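**Q** coordinates only, sequence not included:
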């Protein structure tokens, strides 16, 4: 497959995103343009990193002229913390990395997030190349990080990352089990909902091929998602720049109520389902688009979550978790695909939809028990 190049232009910088299947042979050419004169590169990844992938990336760096220092991320601690960033900054110092050098990360969304923050802090910002190994990281790494925790403040630290290069080897995705692709597919849905009506309709055509793991479909969908996410971040409208929060407010509340055992992407999909229904009342979002979103989640194997929860407790959690991040309870609600804005929801509307939502999930839970 030919390497597809997606150049995401921001006001004073750009991110070079390369997508395709079997594209790692092109790594030397990609790395050559990341710095002016190749000298040092810190290669960061987990100890469990695939040996073949690590060797391929290392050889590509050496071929260009980098002297590579391997930095192994800790396995026994929560990765997305400022403590990890502080430790990694120390490791860059031990490796002698300067402002003119390169840091490379091979790993999942959490690893890419920690390295992106570290690269932005070291020497005022150094060149950073990411080789994401999971589909959720491929969707998000160029434009967002997993929030970091500091002390007792969980998931409260976030920045816009500034990688120079993001290399998405789709074979890592299409050859993985279908369940491993689901976190990225949820982020993909939200990203394309924020892009445009045309992109949303095009996604409907791609869903059957995405479900079958076809590489070309993943390249097309990922390209569209990258452009949509860039458009959100560069929007002149401050409210529009929050479009990628679609589903997040509800997902945080569900985590507070249901605990950490449920995968985050399942909670995020539930958040998008609930907030789409709120939008029907509040922003006049077309109910047909709500059902289309439901159908696409179903077709991709992302099922509704059964649980039992009191509506008042759910609303309380919405307000409490939101209060940690904002002074007003606002939801990022779609008006049409391509237009998502922060919107307040009247209390009576919120109660009515919360009651209906948790009631439907209680019915699912009862059916499972039977």
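**A** Yes, it's here. Please read all numbers here as calculations on a predicted model, not as lab measurements.
**Q** contacts, neighbours, all on C-alpha from now
**A** Will do.
**Q** so which residues make contact with stretch 251-265?
**A** Contact with stretch 251-265 is made by 182-183, 186-187, 267-271, 309, 313-314, 317-318, 320-322, as judged by C-alpha atoms under 8 Å, 6 or more residues apart in numbering.
**Q** could you tell me the end-to-end distance of it?
**A** 9 Å (C-alpha to C-alpha, to the nearest Å).
**Q** in it, which residues are buried?
**A** By 16 or more other C-alpha atoms under 10 Å, the buried positions in stretch 251-265 come out as 251-255, 257, 264-265.
**Q** nearest to residue 213, of the residues you listed?
**A** Nearest to residue 213, judged by C-alpha to C-alpha, of the buried residues of stretch 251-265 is residue 265 at 18.6 Å.
**Q** pretty sure that closest one belongs to a helix, no?
**A** Yes. Residue 265 forms part of a helix when assessed by DSSP: H, G, I helix; E, B strand; the rest coil.
**Q** residue 345 contacts residue 330, doesn't it?
**A** Yes. At 7.2 Å, residue 345 counts as touching residue 330 under the criterion of C-alpha atoms under 8 Å.
**Q** mind checking which of those two has more residues around it?
**A** A direct count of neighbours by other C-alpha atoms under 10 Å for residue 345 and residue 330 places residue 345 higher, at 18 against 15.
**Q** and the nearest residue to that one once chain neighbours are set aside, how far from residue 320?
**A** Computed as C-alpha to C-alpha, 6 or more residues apart in numbering, the closest residue to residue 345 that is not its neighbour in sequence is residue 282, at 6.7 Å. Remark: distance between residue 282 and residue 320 (C-alpha to C-alpha) = 22 Å.
**Q** contacts only, for residue 286.
**A** Neighbouring residues of residue 286 by C-alpha under 8 Å, 6+ apart: 280, 335-336.
**Q** closest one of those residues to residue 360?
**A** residue 280 (17.4 Å).
**Q** wait, doesn't that closest one sit right on residue 291?
**A** No. Using C-alpha under 8 Å, residue 280 makes no contact with residue 291, being 11.2 Å away.
**Q** just the strands in this protein please.
**A** Assigned by DSSP state E, the strands in the chain fall at 4-9, 14-20, 40-46, 67-73, 102-107, 127-132, 148-150, 153-157, 165-169, 331-336, 339-343.
**Q** for those, give me CSV that also has mean pLDDT, distance to residue 236 and mean neighbour count.
**A** Output for the strands of the chain, formatted as CSV (pLDDT from 0 to 100; distance: least, C-alpha to C-alpha, whole Å; neighbours: other C-alpha atoms under 10 Å):
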stretch, mean pLDDT, distance to residue 236, mean neighbour count
strand 4-9, 93, 15, 15
strand 14-20, 96, 18, 21
strand 40-46, 97, 35, 22
strand 67-73, 98, 38, 17
strand 102-107, 98, 32, 25
strand 127-132, 98, 27, 26
strand 148-150, 96, 27, 19
strand 153-157, 94, 24, 13
strand 165-169, 98, 25, 25
strand 331-336, 98, 17, 24
strand 339-343, 97, 13, 20
